[in-house]
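Enquirer: Please find the sequence and the predicted model below.
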Amino acid sequence: MSFARRLTVAVATGTNGSATALSDAIEYALLSQIRYVKTDFADGSTFLITSEATGETLWSESNVNASATRAPRQPTHSTAGASALYAAGGPAVNDKIAIVADRIKIVISSGGATKTGVFHFLLV
């Protein structure tokens with residue numbers, strides 16, 4: 001039986017406008033979406049959200065000014081390592097990103113001095 005769950009991480013910047021935060025541990029999940037809810041981070045904030053253990057990028061974006069939802073996906077490959085395509089020369093086949101025995105790392109820069117925001121991770 002499959003179920004979805006929401007993992008919420010509140011992030012607060014220091015006086016230099018940067019922050020690093022970690023989610024609770026995730027035993028196993030597929031990342032379906034990331035929802036950023038702006039409280040008062042400065043306009044133009046930069047987010048880098050990765051897997052802590054592997055460093056795999058889950059969301060990287062500069063100049064974020066408002067709340068946003070992203071549904072990150074990764075390209076898939078054949079067993080020979082070739083990119084899986086919908087058709088010859090067509091777009092890549094993408095799939096949800098697996099997170100196994102890991103935490104999600106959120107790094108904020110240019111967020112403004114002592115500002116806050118919240119990230120919701122929908123895991124399936």
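Expert: Cool, the structure landed.

Enquirer: residues of the longest strand anywhere in the chain that come out buried?
Expert: Longest strand in the chain, counting residues (DSSP state E): strand 26-38. Counting neighbours by 16 or more other C-beta atoms under 10 Å, one finds that the buried residues in strand 26-38 are 26, 29, 31-36, 38. Every C-beta, even on glycine, is put in place using the N, C-alpha and C of the backbone.

Enquirer: again, but for stretch 42-49
Expert: Applying a neighbour-count criterion of 16+ other C-beta under 10 Å, one finds 42, 45-49 buried in stretch 42-49.

Enquirer: Ok, stretch 82-100 next?
Expert: Those would be 96-97, 99, for stretch 82-100 by 16+ other C-beta under 10 Å.

Enquirer: what's the closest of the buried residues of stretch 42-49 to Ala21?
Expert: Ala21 lies nearest to Ile49 out of the buried residues of stretch 42-49, by C-beta to C-beta, at 9.8 Å.

Enquirer: what's near enough to touch that closest one?
Expert: By C-beta atoms under 8 Å, 6 or more residues apart in numbering, the contact set of Ile49 is 34, 57-60, 104-107, 119.

Enquirer: same check, this time on Glu56
Expert: Glu56 neighbours (C-beta under 8 Å, 6+ apart): 50, 74, 97.

Enquirer: so how far is Ile99 from it?
Expert: 9 Å (C-beta to C-beta, to the nearest Å).

Enquirer: coming back round to it: what residues does the longest strand of the chain touch?
Expert: 4-5, 7, 47, 49, 58-59, 64-72, 96-104, 117-124.
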